[in-house]
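> Sequence and computational prediction follow.
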Amino acid sequence: GAVVSQHPSWVICKSGTSVKIECRSLDFQATTMFWYRQFPKQSLMLMATSNEGSKATYEQGVEKDKFLINHASLTLSTLTVTSAHPEDSSFYICSARDSRRATDTQYFGPGTRLTVL
Amino acid sequence: SQQGEEDPQALSIQEGENATMNCSYKTSINNLQWYRQNSGRGLVHLILIRSNEREKHSGRLRVTLDTSKKSSSLLITASRAADTASYFCATVAIYNQGGKLIFGQGTELSVKP
């Protein structure tokens, strides 16, 4: 149980285009999901907290108009990188908390590797 | 924002040896968690230790927590080549800001057969 999927697993796009990444909790409900980015050989940096039915909470320094987050259902959150540029190339990982369980454990998706040419 | 530091940054050992990784953090915490990440993959939750706990075991894993020193250690006993991965500690602040995790810098463990 507690499986989180991400789609796509990798994407290559041209500079200036927008890319949407989906994060799904497959066998549990998640009122809260998190989006991270990770550069090579570095740790995860939290970008934003995604709350079902409300606006996302962004970390300091993360442009909310650049990284659009929509958490429309209890099992799906999406991250859209708008007008992507090469510096946005990174590994994007989502995680989710099981709403029914009183635990801070997060379940992570397999990640999406974004390459912007 | 990153608040934790881990050492060593990289650790190379032989199969069968024990591996110890340390993590320090800066703020008061509700709990501390350890995760493993295989190269280019997502993270796998290993163990959670609460602020009122001092030691916890799970299989070949042993985690200690010293809140007075704001530090934790992860011990992997009888390591295997399959344990090769990056290991991260992550904390949940005492005021539990939505349960968000603050990650340490990670330790890259290499276990040679």
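Noted; the coordinates are in hand.

> Quick check: B:Leu43 touching B:Gln37?
Yes: between B:Leu43 and B:Gln37 there is a contact under CB atoms under 8 Å: 4.9 Å. Bear in mind the C-beta positions are built from the backbone N, C-alpha and C, glycine included.

> anything in contact with each of the two?
In terms of CB atoms under 8 Å, 6 or more residues apart in numbering or on different chains, B:Leu43 and B:Gln37 are both contacted by the residues B:Phe88.

> Between those two, point out the one with more neighbours.
Neighbours were counted for B:Leu43 and for B:Gln37 using other CB atoms under 10 Å in any protein chain shown; B:Leu43 has more, 29 against 21.

> which helices and strands does the host helix or strand of A:Cys94 pack with?
Assigned by DSSP states H and E, A:Cys94 falls within strand A:90-97. On a contact count with 3 or more CB pairs under 8 Å, 6 or more residues apart in numbering or on different chains; DSSP states H and E, strand A:90-97 meets strand A:4-7, strand A:19-25, strand A:32-38, strand A:76-81, strand A:107-108, strand A:112-116.

> Any chance of a markdown table for the ones you listed, columns distance to chain B?
Formatted as a markdown table, the helices and strands packed on strand A:90-97 follow (distance: least, CB to the nearest CB, whole Å):
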| stretch | distance to chain B |
| --- | --- |
| strand A:4-7 | 8 |
| strand A:19-25 | 11 |
| strand A:32-38 | 6 |
| strand A:76-81 | 14 |
| strand A:107-108 | 4 |
| strand A:112-116 | 7 |
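
> Make a markdown table out of these and add distance to B:Ile13.
Listed next are those as a markdown table, based on distance: least, CB to CB, whole Å:
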| stretch | distance to B:Ile13 |
| --- | --- |
| strand A:4-7 | 31 |
| strand A:19-25 | 35 |
| strand A:32-38 | 25 |
| strand A:76-81 | 37 |
| strand A:107-108 | 26 |
| strand A:112-116 | 29 |
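
> will you turn those into a markdown table that also has mean neighbour count and distance to A:Phe67?
Putting those into a markdown table (neighbours: other CB atoms under 10 Å in any protein chain shown; distance: least, CB to CB, whole Å) gives the following:
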| stretch | mean neighbour count | distance to A:Phe67 |
| --- | --- | --- |
| strand A:4-7 | 18 | 15 |
| strand A:19-25 | 21 | 10 |
| strand A:32-38 | 24 | 8 |
| strand A:76-81 | 21 | 6 |
| strand A:107-108 | 23 | 18 |
| strand A:112-116 | 19 | 11 |
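
> Switch those strands over to CSV; also include mean pLDDT.
As requested, the helices and strands packed on strand A:90-97 are exported to CSV (pLDDT from 0 to 100):
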stretch, mean pLDDT
strand A:4-7, 96
strand A:19-25, 96
strand A:32-38, 94
strand A:76-81, 96
strand A:107-108, 92
strand A:112-116, 97
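
> So which residues on chain B come close to chain A?
Residues of chain B lying close to chain A by CB under 8 Å from any CB of the partner chain are B:1-2, B:30-31, B:33, B:35, B:40-45, B:48, B:88, B:92, B:96, B:98-106, B:108.

> List the ones among those residues that fall in helices.
In helices, judged by DSSP state H, none of the residues of chain B next to chain A are found.

> and these, which are buried?
B:30-31, B:33, B:35, B:41-43, B:45, B:48, B:88, B:92, B:99-106, B:108 (16 or more other CB atoms under 10 Å in any protein chain shown).

> B:Ala82 in helix, strand or coil?
Look at B:Ala82: counting by DSSP: H, G, I helix; E, B strand; the rest coil, its state is helix.

> This completes my enquiry, with thanks.
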